[in-house]
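S.K.: can you look at this prediction? I've put the sequence above it.
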Amino acid sequence: MSLLSTDAIILNSIDFSESDQIVCALTREKGIVNAIAKGAKRSRIRFPGTLEPFCEVVMDVFLKKEGELHRLESAKLSNAHLPIREDLELLAHSTILLELIKEHLGQLDPSPATFEYLQKALHAMEPGKQWFSVWCVALMNILSSIGYGIDLKSAGRPGSRRTYGLDMLSREAVMFLLKSSQLETDVLQRLSISASLRREITSFFLAMCNRITDKKLKSSSFLAKLLDFDMNQ
């Protein structure tokens, strides 16, 4: 058993017994780590409100043998990303990033790039800002890091747009995504697009996430209902 001290982002946590919680975290060094936090629901010293989704923490975790549940010793809060929770649509979009990583990245499978993409996105996504472009680029980058890259540059070639449902997208949407992927975050936060184009792109990403996942993501189903999408089409 070895002690790992690492930056992490909480993806999910569930209650386990009266006082414990099981936490799924994306760590910078080790990828996904699932660990039990003993006494988490009672201890405000070791876990002072740090085990909620989106929380960025520095955590100490004892790594056990393969197949065993690791043990989370402490988690010090770096950023709770509370603004994300202030807007329901923003919250739903952001949760898709967390759930996609949770479902597709293997345990103790290091992916520093995935961590960086998620961390950068969470810092930029706030109510009152033009966060949609940031979300699009973060989602494309995360998809690429877990093995589902989208070749937007070939979208205009005959037959190529059928890949991952690119045929769902208009040329305007493809060009928006292509140009957005080449911009820095501060520029992305100043981009705005029409409501119809935004719906088109969101629908495409939701369909793609469901296509590559064994079961539909709860977050994508929630967002589809929120935006009144018919995902059975």
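M.R.: Sure thing, it's come through.
S.K.: what segments of this protein are helices?
M.R.: 88-104, 112-124, 132-145, 171-180, 185-188, 195-212, 218-226 (DSSP state H).
S.K.: partners of residue 20 in the sheet?
M.R.: residue 16 (DSSP bridges).
S.K.: and the pLDDT at it?
M.R.: pLDDT recorded at residue 20 is 90.
S.K.: quick check, central residue of this structure?
M.R.: Note on the chain: the residue nearest the mean C-alpha position is residue 97, at 1.9 Å, using Cα atoms, centre = their mean.
S.K.: quick one, what contacts it?
M.R.: 118, 121, 135, 138, 139, 142 (Cβ atoms under 8 Å, 6 or more residues apart in numbering). All C-beta atoms are positioned from the backbone trio N, CA, C, and that covers glycine.
S.K.: the last one contacts residue 117, doesn't it?
M.R.: Yes. Using Cβ atoms under 8 Å as the test, residue 142 is close enough to residue 117 to be in contact (5.2 Å).
S.K.: low-confidence ranges in this protein?
M.R.: 1, 43-44, 67, 154-165, 231-233 (pLDDT under 70).
S.K.: about what we covered before: quick one, which of the helices of the chain is nearest to residue 66?
M.R.: Checking those against residue 66 by Cβ to Cβ gives helix 88-104 as the closest, at 19.1 Å.
S.K.: just the buried residues of that closest one, please?
M.R.: Along helix 88-104, these residues count as buried under the neighbour rule (16 or more other Cβ atoms under 10 Å): 90-104.
S.K.: thanks a lot, see you next time.
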